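Trainee: Provided below for reference: sequence and predicted model.
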Amino acid sequence: MKPLLELKNISTFIGPFHILQGVSLEVYPGEAVVILGRNGAGKTTTLRSIVGLQPAASGQITLDGVNLLGLPPYQAVRTGIGYVPEDYGIFDFLSVEENLLIAMWIEDKDTLARRDSVLDLFPALKDSYKRPASTLSGGQRQMLSIARALVNENKIILIDEPSKGLAPIIVEKVRDALLKFKNKSTIILVEQNFDMACSVGDRFYIINEGRTELNGPIQELYDDQELQRKYLGVVNA
Amino acid sequence: MAAGLSIILGLLGVVNFTHGTLFIWGGYVSIWVFGLSGNFFIALLAAIAAGILMGLIFERLFVRPVYGNVTAQILITLGLMTIFTDMVRLLWGPNPIPANRPDFIDGTWIWGSVIISQYRIFLIVIGVLVAIGINFLINRTRVGMIMRAGTQSPDMVQAMGINIKVYFSGVFAGGAALAALGGALYVPLVGSVWSGMGINNQILAFIVVILGGMGSFYGSAVGSIIIGLTVAMVSWFYPPLTVYSTVILLILVLSLKPEGLFGTAVRR
């Protein structure tokens, strides 16, 4: 099977800093791949490079055979990428409804039906549909951000640390939502919460100092405490 | 004019000193086209077209590289203001050119001791229509929705699959068109067009927008009424203070409410 998304040795700079120094990964249709690594390893930059918000200087990024390198973000995402950034990226000046509308590339029957099913997935958004997004709680903002990525018929969803800054009970809700749509989508999940990563992911990549160092089935990582300690700083009691 | 400035300053965060220049270009182009066509509305459309064209050129070539850099914006737009104001003198000469009001709104209505100029009523109607139009565009259309989102996070708008640069160009061109329309409407009011009329009105427009609150069209409308009434009253009771009255009012308001009367200042 050919990978849906393929990154080959990408290199990305932020100002003078060489953040990604050789990230390579493959994501196959229907799977959930988790990117793990310590703070500052380059996980977020990897996602931003895929969508073109932090353009890669070299390497190769292809989605379903389309070369994304050098494309501006609005063209890159239109190849079929839903992006959920670390800080949710919610537009506070818009209502919940408008936040969903702005994400829709077309307002046809299928897209509106998808929006309705996304709202069924996140009932809290339905209740706040006409309210300004600025009034949403952290968990609701995260749900809205994920909902926006699901309203289009995307080939892949990139989600950056969905559990960050959320209360444990909200993290559980977000995880439940991810598990619900996981089987219908291909997902790349950047996550620091190891339990969340293991419950959602099928395979993992570990990025260390801007390079992909390790990959494999998530169960392997779950079973190997030495690996967890070495790369992720996870200490099991 | 203040509406256009409010759009450019409030939505794009661009301190645009070409606004006065666009205002005078609107005035000159409308006089020129009015002379050729004899049709006031064609003259207004020509002024708007000139404003859009100049706005697109200014934004694409000069303003786009300096979004977010206020110092560079001021320097570049001041330079453009100087060049394009001198260009007006080059094309139409240094002397004021007389301008007539169109016949159908040249008269006055007299009710007792009250004299009302038809042209001023026409201006008020146009002003109200512009305000309603902008409000509709910003709050009721997809374009407005994208513009509001773009003021908060242009990057995230791009990540929604939208080319925000096109919208920014459109906003700038729209603001420029309103400045040019303002100039075209102003010239028949005062009876002539001259190259120095831009800077005076630009300063007044800045005061109106800042007083009303950047990014608030309602604020700009209220600000323009307050400024207009202040100038009228001060010039009636104590004319020497007229020039300073608007600035004093601005200082007073900003010292009590730094974001302006109805400001929704965008944090960047």
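Mentor: Happy to help now that I have it. Remember, it's a predicted structure, so these values are computed and weren't measured experimentally.

Trainee: buried stuff in the host helix or strand of A:Thr62?
Mentor: Per DSSP states H and E: A:Thr62 is located in strand A:58-63. By neighbour count on 16 or more other CB atoms under 10 Å in any protein chain shown, the buried set for strand A:58-63 is A:Gly59, A:Ile61, A:Thr62, A:Leu63. In short, each C-beta sits where N, CA and C put it, glycine included.

Trainee: do the same with stretch B:179-195
Mentor: For stretch B:179-195, the neighbour count (16+ other CB under 10 Å) marks B:179-188, B:193-195 as buried.

Trainee: show me where pLDDT drops low in chain A?
Mentor: Applying pLDDT under 70 to chain A picks out residues A:235-237.

Trainee: what residue lies at the spatial centre of it?
Mentor: Central residue of chain A (CA atoms, centre = their mean): A:Ile159, 1.5 Å from the mean position.

Trainee: what about the strands in the chain?
Mentor: Because you didn't say which chain, this covers chain A. A:5-14, A:17-27, A:32-36, A:58-63, A:66-67, A:81-84, A:156-160, A:187-190, A:203-208, A:211-217 (DSSP state E).

Trainee: oops, wrong one, chain B.
Mentor: According to DSSP E, the strands that chain B contains are B:97-98, B:108-111, B:114-117, B:192-193.

Trainee: the longest helix anywhere in chain A to strand A:32-36, inter-axis angle?
Mentor: Looking across chain A with DSSP state H, the single longest helix is helix A:168-182. In terms of direction (axes from the mean of the first three to the mean of the last three CA atoms, to 10 degrees), helix A:168-182 departs from strand A:32-36 by 140 degrees.

Trainee: check the offset of helix A:168-182 from the chain's centre.
Mentor: With CA atoms, centre = their mean, to the nearest Å as the basis, helix A:168-182 stands 14 Å off its chain's centre.

Trainee: pull out the buried positions in that helix.
Mentor: Within helix A:168-182, judged by 16+ other CB under 10 Å, the buried ones are A:Ile170, A:Val171, A:Lys173, A:Val174, A:Arg175, A:Ala177, A:Leu178, A:Phe181, A:Lys182.

Trainee: now that helix and strand A:156-160, what's the angle there?
Mentor: Inter-element angle recorded for helix A:168-182 and strand A:156-160: 170 degrees (by the same axes, to 10 degrees).

Trainee: who does helix A:168-182 touch, helix- and strand-wise?
Mentor: helix A:109-121, helix A:138-150, helix A:194-200 (3 or more CB pairs under 8 Å, 6 or more residues apart in numbering or on different chains; DSSP states H and E).

Trainee: which parts of the stretch 1-150 of chain B are helices?
Mentor: B:2-12, B:19-37, B:40-58, B:70-92, B:118-140, B:142-152 (DSSP state H, counting those that start in this stretch).

Trainee: tell me which of those lies nearest to A:Phe17.
Mentor: helix B:70-92 (24.3 Å; CB to CB).

Trainee: what's in contact with the closest one?
Mentor: B:13-18, B:20-21, B:24-25, B:28, B:32, B:54, B:58, B:62-63, B:66, B:195, B:198-199 (CB atoms under 8 Å, 6 or more residues apart in numbering or on different chains).

Trainee: for it, what is the average pLDDT?
Mentor: Mean per-residue pLDDT for helix B:70-92: 93.

Trainee: any idea how far A:Pro85 is from the closest residue to A:Leu71 other than its chain neighbours?
Mentor: Nearest residue to A:Leu71 in three dimensions, chain neighbours excluded: A:Gly52, at 5.5 Å (CB to CB, 6 or more residues apart in numbering or on different chains). As defined by CB to CB, to the nearest Å, A:Gly52 lies at a distance of 13 Å from A:Pro85.

Trainee: near chain B, which residues of chain A are found?
Mentor: Residues of chain A lying close to chain B (CB under 8 Å from any CB of the partner chain) are A:51-53, A:72-74, A:77-78, A:83, A:85, A:89, A:91-94, A:98, A:101-103, A:105, A:148, A:152.

Trainee: select only the buried ones of the residues you listed in ChimeraX?
Mentor: To isolate the buried ones among the residues of chain A next to chain B in ChimeraX, judged by 16+ other CB under 10 Å, type:
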select /A:51,52,53,72,73,74,77,78,83,85,89,91,92,93,94,98,101,102,103,148,152
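
Trainee: chain center to the top helix by length along chain B: distance?
Mentor: Assignment by DSSP H gives helix B:164-190 as the longest helix of chain B. Mean-position distance between helix B:164-190 and its chain equals 6 Å (CA atoms, centre = their mean).

Trainee: list the helices and strands it packs on?
Mentor: Right, helix B:164-190 is packed against helix B:2-12, helix B:19-37, helix B:40-58, helix B:118-140, helix B:142-152, helix B:154-158, helix B:197-212 by 3+ CB pairs under 8 Å, 6+ apart.

Trainee: next, the angle from that helix to helix B:197-212.
Mentor: 120 degrees.

Trainee: kindly export stretch A:140-153 (C-alpha atoms) in CSV.
Mentor: C-alpha atoms of stretch A:140-153 as CSV (Å, rounded to 0.1, in the frame of the first residue of the first chain):
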residue,chain,number,x,y,z
GLN,A,140,-15.4,23.7,24.0
ARG,A,141,-12.8,25.7,22.0
GLN,A,142,-10.9,22.5,21.5
MET,A,143,-14.0,20.7,20.3
LEU,A,144,-14.8,23.6,17.9
SER,A,145,-11.3,23.4,16.5
ILE,A,146,-11.6,19.7,15.9
ALA,A,147,-15.1,20.2,14.5
ARG,A,148,-13.8,22.7,11.9
ALA,A,149,-11.3,20.2,10.7
LEU,A,150,-14.0,17.6,10.2
VAL,A,151,-16.5,19.7,8.2
ASN,A,152,-14.7,19.2,4.9
GLU,A,153,-14.1,15.9,3.3
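
Trainee: so which bits of that stretch are buried?
Mentor: Buried, per 16+ other CB under 10 Å, within stretch A:140-153: A:140-152.

Trainee: stretch B:204-222 now?
Mentor: B:204-217, B:219-222.

Trainee: pull up the residues of the stretch 101-250 of chain B that are close to chain A.
Mentor: Counting by CB under 8 Å from any CB, the stretch 101-250 of chain B sits next to chain A at B:142, B:145-146, B:148-149, B:151-153, B:155-164.

Trainee: of these, buried ones?
Mentor: B:145-146, B:148-149, B:151-153, B:155-164.

Trainee: coming back round to it: hmm, who's touching the strand holding A:Thr62?
Mentor: Against strand A:58-63 from outside (CB under 8 Å, 6+ apart): A:4-11, A:22-24, A:49-50, A:67-69, A:79-81, A:155-156.
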